[in-house]
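# show me how the following folds:
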Amino acid sequence: MSVRVLVVEDEPLAAEAHASYVQRVDGFELAGVAHSAHEAARHLANDQHVDLVLLDMHLPDGHGLGLLQRLRAAGHLCDVMAVTSARDADVVRQAVSQGVVLYLIKPFTFATFREKLHQYAAYRARVDAAAAGVVQEDVDRMMGALRPTGPSVAMPKGLSPETLQQVTTLVRESEVALSATEVAELVGASRVTARRYLEHLADRQLVERRPRYGGGGRPEVEYAWS
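Got it, this is the predicted structure:
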């Protein structure tokens, strides 16, 4: 069953783009677009099957957090993902305290947007699969789906998510820093390929580059989990 999404965005071009993005992600269905808090409340009053609201914080007739408070008071239990340019730490804190499950800051690419929806889909799947009485491990898995510690699927062309995850796990769990040559041998790839993945992780500040001295010639670069 598709996740039904309501886009709440006052800027016409942004609303159109977000609606288009939703329709491009498998497993998600556009339930509608609202350009104000009033339109959003009216839509949700008439449609009880919205699963996820993409909520802008700056609306022409009120703040997104105010709308969220009214929705909860009215008994709407749909999940909310903030899609906004609001960067104030207090707004983020209040959003989290009111149950916003994900927070996406504008501007962003479709790949980033898609990854957020994939995170939400993984969360929903784990919630739906859980028994009525969950244990701590079930809750940890559900919440972990919303806040993954691994690398994003948005990556340079030519890198695969599977190999990137393999390299990430290898470096993260290693007790010592590893060179591209050592990683290549462990994952079964060429040194050049391994170095591309390691450099991608370094660019994202997930690993640290260090010179490895010893032997003749230039020092080799080694990588350690940050």
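# flag the shaky bits of this protein, pLDDT-wise.
128-156, 161, 215-217 (pLDDT under 70).
# break it down into its domains, please.
The chain resolves into domains spanning 3-146, 161-225 when parsed by automatic domain parsing.
# and those domains as JSON lines, adding mean neighbour count?
The way it works is simple: take the backbone N, C-alpha and C, and place the C-beta from them, glycine included. JSON lines is the format used below for those (neighbours: other C-beta atoms under 10 Å):
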{"stretch": "domain 3-146", "mean neighbour count": "16"}
{"stretch": "domain 161-225", "mean neighbour count": "15"}
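# partners of the host helix or strand of Arg209 in the sheet?
Using DSSP states H and E, Arg209 sits in strand 207-212. Strand pairing for strand 207-212, using DSSP bridges, gives strand 220-225 (antiparallel).
# could you export the partner strand as PDB, CA atoms only?
Only the C-alpha atoms of strand 220-225 are listed here, as PDB (Å, rounded to 0.1, in the frame of the first residue of the first chain):
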ATOM      1  CA  GLU A 220      50.900   6.400   2.100                       C
ATOM      2  CA  VAL A 221      47.500   7.800   3.000                       C
ATOM      3  CA  GLU A 222      45.500   5.800   5.600                       C
ATOM      4  CA  TYR A 223      41.900   6.300   6.700                       C
ATOM      5  CA  ALA A 224      40.300   6.100  10.100                       C
ATOM      6  CA  TRP A 225      36.700   6.500  11.300                       C
END
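# contacts for it, please.
171-172, 174, 176-181, 183, 198, 201-202, 206-212 (C-beta atoms under 8 Å, 6 or more residues apart in numbering).
# list the contacts of the closest residue to Glu39 other than its chain neighbours.
In space, not counting the residues next to it along the chain, Glu39 is nearest to Val8; the distance is 7.9 Å by C-beta to C-beta, 6 or more residues apart in numbering. Counting by C-beta under 8 Å, 6+ apart, Val8 makes contact with 33-35, 37, 39-40, 53-56, 59, 64, 67.
# out of those, list just those in helices.
Filtering the contacts of Val8 for membership in helices, criterion DSSP state H, returns Ala37, Glu39, Ala40, Gly64, Leu67.
# surely the last one and Ala37 touch.
Yes - counting by C-beta atoms under 8 Å, Leu67 touches Ala37, with 4.2 Å between them.
# list residues touching both of those two?
Val8, Leu59.
# mind giving me the packing neighbours of the lengthiest helix in the chain?
As assigned by DSSP H, the longest helix anywhere in the chain is helix 110-129. Packing partners of helix 110-129 (3 or more C-beta pairs under 8 Å, 6 or more residues apart in numbering; DSSP states H and E): strand 3-8, helix 12-24, strand 79-84, strand 100-105, helix 136-146.
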